[in-house]
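J.: no sequence on this one, just coordinates:
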């Protein structure tokens, strides 16, 4: 996956911005052809996002997993790894925190903190499994990630049905109140929006990402491995150890997403037919943000706003919410193929040269 | 014995969709283009298969409808294959990311179209003219073997034909040599005066359409309509079958049969009370664990085309 890292390095900052604009225009054209009014559609999208205190709280709730997923993928990307296994790490983190949250009796806060820690470590270890398969057996992380996502999904079904079932429904029992990591008073202030500890932990992760890569030796080593692992090896860096470490942190961030959903948002875990897909959104967000702290943050917020607002489009303008999914995939498409954006905007080549 | 025969028959039904999807994935990877978009192509195939057959039915084409569905899937998935080929070939986008894009785009675009075409419905109308099982005369009456092998859908025989012919073309004809050469060492293929881009272009185009047949098969033999969970990850299993099958058509067939077997056995196993103690999820888990173990035992890179995932540039030698 070195190509991905390199490709992201040499990229013009204009490309993601233009890609977003062009994709939104494409979305408008599709809506026009399909007989919808794009102006009303985009208006109702914004209304949905900023319409009420509840919506603002809920949009933050929706953005948190996307941001974390983006950073989990970006971190792995920096080491030259493509972690599309975040979905599995989310599931494992969620089920681990669910078990601690339901089965153990601890006082409030301590219980939440314990369940959170266990979930994070479980997610990290699920990530290490991918690293182990890669370093020990040279199995490409993309393939093992896909397999492990399904293993995680069915493993979680087994654990829910076998240990903490909710009879007569397709979900687990509720976690104990003491394990909740919701911010109840803030939630009341926001008319019941499901806000949780993630409100404070997520900014810490983002800052941690910045600090790790800009101020520490560990971050530097990780980037060297990502740029050229042979050179890193000859420079005396223990490549396998760094791959394992990176996948642990990346998986731990993934696990955190599952923890927040289980302990902070839903208070139970559903037996769903597929994993959430947030991990794949993370691939998009990291790509769009070019693996940088600011870029990944901005694109996480953008994708979160688009996704949450898409429900409003369905309501306000009758546009199927899938149009937003199409727009998001077009954004990634344009960013992944920057040549295409340049083709669509022939003048860009000149402006780029002048800037340089 | 009858149960075992049913398991084998069921395995084949599930395996056909996977095998077609996997053959598509195999073809583009043979030409050096990583294909993580199999899932998207299968979704597209299922969608176009469903609406092709549906509209053929409204035109009173009766028993011809599923065939028209199959053709619609084959032809119109070309839209997505073209997008994929443009991204990976012309604009040199990363293959894996392009594949993820194809999966996202095709899922969202098809669900959007379903809602648009059928007034907000979540799935396409059920088709009444699906493929019917063909009982091969005489052979289907053989005890055990008859149930297991000779009472299948036409698509099963179609898939088998594609595997046999595909293997012959890939390994015994000049065209096949060129495709394999492009995946192994595009530079030498170019030196021999063959247009590498053209080989890659048509391999990927055909790849998408082949995978689409797999998606269409699911709709036209078992499900009868298209909804958001028609494919639900089968494309990724198909990719696993490609790897297990070492990028060879017959190997891919065995890989698909293994996964088909794992799916079929969980439908049949419930007949035996003694298996109640085992959670059903174990059987869902099995194919993925088997793939991982197979990869551990054989190593994933050993048989993959050598130039897989690279961008060929004829000006760089």
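T.: Nice, thanks for sending it over. Bear in mind the structure is a predicted one, so any value in this text is a computation, not a measurement.
J.: Can you list the helices and strands that the lengthiest helix in chain A packs against?
T.: Longest helix in chain A, counting residues (DSSP state H): helix A:110-137. On a contact count with 3 or more Cβ pairs under 8 Å, 6 or more residues apart in numbering or on different chains; DSSP states H and E, helix A:110-137 meets helix A:86-103, helix A:141-163, helix A:239-259, helix B:280-298. C-beta here means a position set from N, CA and C on the backbone, and glycine is covered the same way.
J.: The shortest one close to chain B?
T.: Spelled out, that is helix A:86-103. No. If you take Cβ under 8 Å from any Cβ of the partner chain as the test, helix A:86-103 misses chain B, and the best it gets is 10.4 Å.
J.: mind checking how far that helix is from the chain centre?
T.: Between the centre of helix A:86-103 and the centre of its host chain there is 16 Å, according to Cα atoms, centre = their mean, to the nearest Å.
J.: how big is the angle separating the longest helix of chain A from helix A:86-103?
T.: Using axes from the mean of the first three to the mean of the last three Cα atoms, to 10 degrees, the direction of helix A:110-137 lies 140 degrees away from that of helix A:86-103.
J.: And helix A:110-137, what's buried?
T.: Using 16 or more other Cβ atoms under 10 Å in any protein chain shown as the test for burial, helix A:110-137 gives A:111-112, A:114-135, A:137.
J.: Check the model's average confidence along it for me.
T.: What helix A:110-137 shows for mean pLDDT is 96.
J.: what angle separates it from helix A:239-259?
T.: With the same axes, to 10 degrees defining the directions, helix A:110-137 sits at 140 degrees from helix A:239-259.
J.: Which secondary structure elements does the helix or strand containing residue A:226 sit against?
T.: Residue A:226 is located in helix A:217-227, with elements delineated by DSSP states H and E. If you count contacts as 3+ Cβ pairs under 8 Å, 6+ apart, helix A:217-227 packs onto helix A:2-9, helix A:53-78, helix A:198-215, helix A:229-234, helix A:239-259.
J.: three-state assignment of residue A:84?
T.: On the three-state scheme (DSSP: H, G, I helix; E, B strand; the rest coil), residue A:84 is labelled coil.
J.: Kindly provide the distance from the residue lying closest to it once chain neighbours are set aside to residue A:338.
T.: The shortest distance from residue A:84 to any non-neighbouring residue, by Cβ to Cβ, 6 or more residues apart in numbering or on different chains, is to residue A:145 (4.8 Å). Note on residue A:145: its distance to residue A:338, by Cβ to Cβ, to the nearest Å, is 26 Å.
J.: between these two, who's got more neighbours?
T.: The neighbour comparison of residue A:145 against residue A:338 (other Cβ atoms under 10 Å in any protein chain shown) goes to residue A:145, with 28 against 22.
J.: Quick check, the more buried one in contact with residue A:130.
T.: Yes. Taking contacts as Cβ atoms under 8 Å, residue A:145 lies within contact range of residue A:130: 5.8 Å.
J.: My read is that residue A:244 contacts residue A:133, right?
T.: No. Using Cβ under 8 Å, residue A:244 makes no contact with residue A:133, being 11.0 Å away.
J.: returning to what we had before: gap between the residue nearest to residue A:84 and residue A:151?
T.: With distances taken as Cβ to Cβ, residue A:145 is found 11 Å from residue A:151.
J.: How about residue A:255?
T.: Relative to residue A:151, residue A:255 is positioned 15 Å away (Cβ to Cβ).
J.: again with residue A:181
T.: Distance of residue A:181 to residue A:151, computed by Cβ to Cβ: 27 Å.
J.: For residue A:181, what are phi and psi?
T.: phi -110, psi 30 (degrees, to the nearest 10).
J.: Equivalent analysis for residue A:273, please.
T.: Dihedral angles for residue A:273 - degrees, to the nearest 10 - are phi -80, psi -20.
J.: Tell me who's in contact with it.
T.: For residue A:273, the contact set (Cβ atoms under 8 Å, 6 or more residues apart in numbering or on different chains) comprises B:229, B:232.
J.: That one and residue B:314: what is the separation?
T.: Computed as Cβ to Cβ, the residue A:273 to residue B:314 distance reads 46 Å.
J.: swap in residue B:80?
T.: Separation of residue B:80 from residue B:314 (Cβ to Cβ) stands at 27 Å.
J.: Looking at those two now, which is surrounded by more residues?
T.: Neighbour count, other Cβ under 10 Å: between residue B:80 and residue B:314, residue B:80 has more, with 26 against 12.
J.: need the contact list for the more buried one.
T.: Contact partners of residue B:80, counting by Cβ under 8 Å, 6+ apart, are B:37, B:40, B:41, B:44, B:102, B:105, B:106, B:208.
J.: do residue B:252 as well
T.: By Cβ under 8 Å, 6+ apart, residue B:252 lies in contact with B:19, B:22, B:23, B:26, B:163, B:241, B:242, B:244, B:245.
J.: I am finished for the moment; much appreciated.
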